[in-house]
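Chemist: predicted model follows, preceded by the sequence.
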Amino acid sequence: MNRNTPPDLLGRLFARASRHQPFGEPSGFGFETRLRSALAATAPGLAETLASLSWRFAAACLPVALAAFVFLAVSHRHSLPDGVGGLVTRWAGLLPLGI
Amino acid sequence: MFYFATTRVTPTVETEIPESEWVARAARGDEDAFVRLAASYRPRIWATASRFARSLPELEDLVQDLLIKLWRGLPGYRRDAPFEHWVMTVTVRGCYDFLRANRRRRESETLVDPADRREDRDPGDERARSRREAWETVRLLLDRLEAKDRLVITLLDLEERGVRETAALTGWSEANVKVRAHRARKKMRDCLHELGIEP
């Protein structure tokens, strides 16, 4: 064994230390109240639920947006001599931008 | 898969409804069922967590965090493992996370154990004092170890669990547990020598 420390010193320390309960037994006072309060705090609200679903909304919204764009472009094609390019130009004019 | 034998006193929910039913209810989101289970398993979680906390408030917070982890993890609990095994696995891994998160802070702290004051009132209890002093020395040595080594030594030598059980609880291989324990004990013996603690 290394140096002058006997091999069983650490083992004896472990044996005695394992029978020591550092902070005693847990107190039951207020346990349930505190736990219920913590559980209530961890319950997800509406905002958290919506946030957790946002990626699903994004995936679902992309085809809907594309379909809406195609529908509007097709329904306006006769009123726009420049076709889809004209439609985009007209819509861009509605944006609050100094284009 | 290995599940350790529960030779110690197994916590049970004292009602006519079997524990598995309480677990099923809690997994479906029944808070009352979970509170019953938590009250039943809390002493064991407390005993394990008390080896890692530095003060009573810290221990209470740690146990509370572990119970919340259990609550959140319950929907994912698979019935093919004993519930007690799952609870202790979550507890041990939560304690490991706690050790890693608090390592830097605990290195600069002094040792404070409220049990010291409690036991000082009863100086005649030599056995209890001897155990407390042994624990203080062991904790001094544990503070010098890495989080993984400390966890392995705590489970093997202080909670007196076997290598297979420790490996199952930590998710590490048995060989890894053995090697870590061997190196950690060697480091602890070296520290004992440096501190001048002789038999």
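Modeler: Perfect, I can see it now.

Chemist: please make it C-alpha for all contacts and neighbour counts, starting now.
Modeler: Fine.

Chemist: so, low pLDDT: which residues of chain B?
Modeler: For chain B, applying pLDDT under 70 flags the ranges B:1-15, B:104-124, B:198-199.

Chemist: try 50
Modeler: Scanning chain B for pLDDT under 50 picks out B:110-114, B:117, B:119.

Chemist: quick check: residues of it near chain A?
Modeler: Counting by CA under 8 Å from any CA of the partner chain, the residues of chain B lying close to chain A are B:31, B:35, B:39, B:42-43, B:46-47, B:50-51, B:56, B:64, B:68, B:113-115, B:128, B:130-135, B:137-138, B:157-160, B:185, B:188-190, B:192-193, B:198-199.

Chemist: give me the buried entries from these.
Modeler: The neighbour count (16 or more other CA atoms under 10 Å in any protein chain shown) marks B:31, B:35, B:39, B:42-43, B:46-47, B:50-51, B:56, B:64, B:68, B:113, B:115, B:128, B:131-135, B:137-138, B:157-159, B:185, B:188-190, B:192-193 as buried among these.

Chemist: now the helices for chain A?
Modeler: Along chain A, counting by DSSP state H, helices occupy A:8-17, A:31-42, A:46-75, A:83-94.

Chemist: return the distance of stretch B:29-46 from the chain's centre.
Modeler: Offset of stretch B:29-46 from its chain centre (CA atoms, centre = their mean, to the nearest Å): 17 Å.

Chemist: CA atoms of that stretch as PDB?
Modeler: Extracted in PDB, the C-alpha atoms of stretch B:29-46 (Å, rounded to 0.1, in the frame of the first residue of the first chain):
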ATOM      1  CA  GLY B  29     -51.000  13.700 -14.100                       C
ATOM      2  CA  ASP B  30     -52.700  13.000 -10.800                       C
ATOM      3  CA  GLU B  31     -51.000  15.300  -8.300                       C
ATOM      4  CA  ASP B  32     -52.500  13.600  -5.300                       C
ATOM      5  CA  ALA B  33     -51.100  10.200  -6.300                       C
ATOM      6  CA  PHE B  34     -47.700  11.700  -6.900                       C
ATOM      7  CA  VAL B  35     -47.700  13.500  -3.500                       C
ATOM      8  CA  ARG B  36     -48.400  10.100  -1.900                       C
ATOM      9  CA  LEU B  37     -45.600   8.400  -3.800                       C
ATOM     10  CA  ALA B  38     -43.200  11.400  -3.000                       C
ATOM     11  CA  ALA B  39     -44.000  11.100   0.700                       C
ATOM     12  CA  SER B  40     -43.300   7.400   0.600                       C
ATOM     13  CA  TYR B  41     -39.900   7.700  -1.200                       C
ATOM     14  CA  ARG B  42     -38.700  10.900   0.300                       C
ATOM     15  CA  PRO B  43     -36.700   9.400   3.200                       C
ATOM     16  CA  ARG B  44     -34.600   7.300   0.700                       C
ATOM     17  CA  ILE B  45     -34.100  10.300  -1.600                       C
ATOM     18  CA  TRP B  46     -33.200  12.400   1.400                       C
END
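
Chemist: sec struct for B:L145, please.
Modeler: Of the three states, B:L145 takes coil under DSSP: H, G, I helix; E, B strand; the rest coil.

Chemist: residues contacting it?
Modeler: For B:L145, the contact set (CA atoms under 8 Å, 6 or more residues apart in numbering or on different chains) comprises B:184, B:187.
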